[in-house]
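Participant: Generate coordinates for the sequence data below:
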Amino acid sequence: MCSSSTSFCLFQRKNTNGLRTGRVLKSNSHLSSPNKLYYLTLQDDDNLVLYRGKNFISKNILWASNTVNEAQLSRPTQLRVQSDGNLVLYDSKNHVVWSTNTQGKGDGPYQLLVEDDGDVVLYDSTNEVMWSSNGHRIWYHSRLAPSRVNCYLVAKSNCLRAGHTLNSNSHLSSPNQLYHLKLQNDDNLVLYRSKIFPSENAQVIWSSNTWNEAPSTGPTQLKMQYDGNLVLYDSKGRPFWASNTYDHEHDEGSYKLLVEDDENVVVYNSIKKRSWMPGNCLGMDSVLKSNSYLSSPNQLYHLKLQNDDNLVLYRCKNFPSENAQVIWTSNTWKKAKLRPTRLVITEDGSMALCDAYHSFWSTNTQGKGQSPYQLLVEDDGNVVLYDSMDEVIWSTGTHH
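Facilitator: Presented below is the predicted three-dimensional model:
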């Protein structure tokens with residue numbers, strides 16, 4: 001099938017550098033560019049790697065899926081171009097190891113090509129770019145406006161657009177490749193800091209605290225919904241965590257989740273206003289577990305639920321630290337009857353500290369405001385419980 005806007009026939013060329021719909025690239029095999037300068041290799045360690053030249057060593061790596069040993073218990077892996085437009089790396093049990101999350105985009109059939117400029121591109125039948133290993137090519141081929149094009153760069157991407165999903169065992173990375181938001185196989189959504197990822201030495205910055213909390217077994221998905229809500233779903237489509245940021249005041253489909261170079265993970269709306277930052281926010285479908293904390297965006301204030309049942313607000317540049325200054329406390333030291341404790345926001349607008357049997361502290365704000373509610377640790381040192389209209393329901397009164 002030929003494109004009127006290009007000088008080559010995408011689906012009539014030989015398949016030495018391409019992978020068509022329904023075809024697979026097997027473990028320890030590769031595709032090469034026509035000029036034989038670039039090689040996309042599916043290694044036997046489960047990593048999909050683009051090399052410059054035939055010498056497959058680390059210094060020649062241009063791009064990788066960062067899936068080393070992700071399928072070590074169910075090898076070999078294979079890369080498949082699906083009829084729905086998704087490029088997927090599967091293990092031997094047909095479990096997803098990595099994907100481009102491009103299902104439902106464009107018009108089939110599709111083809112993955114390794115090109116002479118070192119780019120790996122997934123095209124649809126009209127030569128539109130569905131995904132690319134290198135961002136520059138999308139600027140020339142896509143019909144979308146440049147401000148929205150960046151979100152199609154999945155493997156190197158820091159963006160999840162409205163209507164798109166992040167599959168289990170996949171991640172988004174900041175442009176500087178230092179921060180990585182991963183949806184793990186254990187149902188937990190985790191933000192890591194690491195120059196090389198994945199890595200056993202990666203530092204956990206934040207997590208959704210949803211370890212093994214999916215109602216049903218099977219792969220989970222993180223979805224950026226058209227209504228602005230970021231939701232974790234189990235394999236049967238049932239939600240078990242959300243950012244509680246659904247909003248009908250702005251254009252549907254204009255929301256996006258970004259992993260940024262400054263360590264922040266942010267949901268933006270159409271006017272580029274931040275509507276959610278996980279590090280400083282507790283929503284109604286989330287809990288703050290014992291020995292966990294929320295931090296303000298400027299990383300100066302930290303609300304921690306301690307192992308001794310006390311909820312404490314600290315001021316500290318490098319947290320945790322023995323020198324952290326206590327700003328506020330719930331004064332609930334050893335009040336729990338049966339640990340561990342947790343901080344929750346109830347449907348009626350109250351925030352409570354609970355153990356396994358009962359609530360032993362609350363804001364007593366039930367019936368105030370309109371659901372949904374969220375708790376924010378703010379840059380001025382104040383901890384605020386907001387309703388859906390951004391009205392203050394409760395605060396620590398510690399703003400500076």
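
Participant: What count of nearby residues applies to Gln103?
Facilitator: 17 (other C-beta atoms under 10 Å). From N, CA and C alone the C-beta is placed, and that goes for glycine too.

Participant: show me what contacts it?
Facilitator: Neighbouring residues of Gln103 by C-beta atoms under 8 Å, 6 or more residues apart in numbering: 82, 84-86.

Participant: let's see it at 6 Å
Facilitator: By C-beta atoms under 6 Å, 6 or more residues apart in numbering, the residues touching Gln103 are 84-86.

Participant: Enumerate the positions of stretch 215-228 that are buried.
Facilitator: 219-225, 228 (16 or more other C-beta atoms under 10 Å).

Participant: neighbouring contacts of it?
Facilitator: 160, 162-168, 183, 187, 214, 230-236, 238, 240, 245-247, 252-253, 255, 257.

Participant: what about the residue nearest the centre of the chain, distance to Ser330?
Facilitator: Per C-alpha atoms, centre = their mean, the C-alpha nearest to the average position across the chain is that of Leu181, at 4.3 Å. Distance, Leu181 to Ser330, using C-beta to C-beta, to the nearest Å: 30 Å.

Participant: Just say helix, strand or coil for the residue nearest to the centre of the chain.
Facilitator: What DSSP: H, G, I helix; E, B strand; the rest coil gives for Leu181 is strand.

Participant: Touching, it and Arg193? I think so.
Facilitator: No: Leu181 lies out of contact with Arg193 (C-beta atoms under 6 Å); the separation is 11.0 Å.

Participant: For stretch 214-231, list the C-alpha coordinates in PDB.
Facilitator: Listed in PDB are the C-alpha atoms of stretch 214-231, where the atom choice follows Å, rounded to 0.1, in the frame of the first residue of the first chain:
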ATOM      1  CA  ALA A 214      -6.500  -5.900  43.000                       C
ATOM      2  CA  PRO A 215      -9.800  -7.700  43.500                       C
ATOM      3  CA  SER A 216      -9.100 -10.400  40.900                       C
ATOM      4  CA  THR A 217      -5.900 -12.100  39.700                       C
ATOM      5  CA  GLY A 218      -4.400 -11.200  36.400                       C
ATOM      6  CA  PRO A 219      -2.700  -8.200  34.900                       C
ATOM      7  CA  THR A 220      -3.800  -4.700  36.100                       C
ATOM      8  CA  GLN A 221      -3.900  -1.500  34.100                       C
ATOM      9  CA  LEU A 222      -3.500   2.200  34.800                       C
ATOM     10  CA  LYS A 223      -5.800   4.300  32.800                       C
ATOM     11  CA  MET A 224      -5.900   8.100  32.200                       C
ATOM     12  CA  GLN A 225      -9.600   8.600  31.800                       C
ATOM     13  CA  TYR A 226     -11.300  11.200  29.600                       C
ATOM     14  CA  ASP A 227     -12.900  12.700  32.700                       C
ATOM     15  CA  GLY A 228      -9.500  13.500  34.200                       C
ATOM     16  CA  ASN A 229      -9.400  10.600  36.700                       C
ATOM     17  CA  LEU A 230      -6.400   8.400  36.900                       C
ATOM     18  CA  VAL A 231      -7.500   4.800  37.800                       C
END
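
Participant: State the mean pLDDT of that stretch.
Facilitator: Averaged over stretch 214-231, pLDDT sits at 85.

Participant: from the chain's centre, how far out does that stretch sit?
Facilitator: Relative to the centre of its chain, stretch 214-231 is centred 11 Å away, using C-alpha atoms, centre = their mean, to the nearest Å.

Participant: just stretch 348-367 next, same as before
Facilitator: Worked out by C-alpha atoms, centre = their mean, stretch 348-367 lies 30 Å from the chain centre.

Participant: Then stretch 96-107?
Facilitator: 15 Å.

Participant: Buried ones in that stretch, by neighbour count?
Facilitator: Buried, per 16+ other C-beta under 10 Å, within stretch 96-107: 96-103, 105-106.

Participant: I'd like to know how many residues surround Arg80.
Facilitator: Arg80, neighbours per other C-beta under 10 Å, totals 19.

Participant: excluding its backbone neighbours, what's nearest it?
Facilitator: Counting by C-beta to C-beta, 6 or more residues apart in numbering, Arg80 lies nearest to Val24, which is 4.9 Å off, once chain neighbours are set aside.
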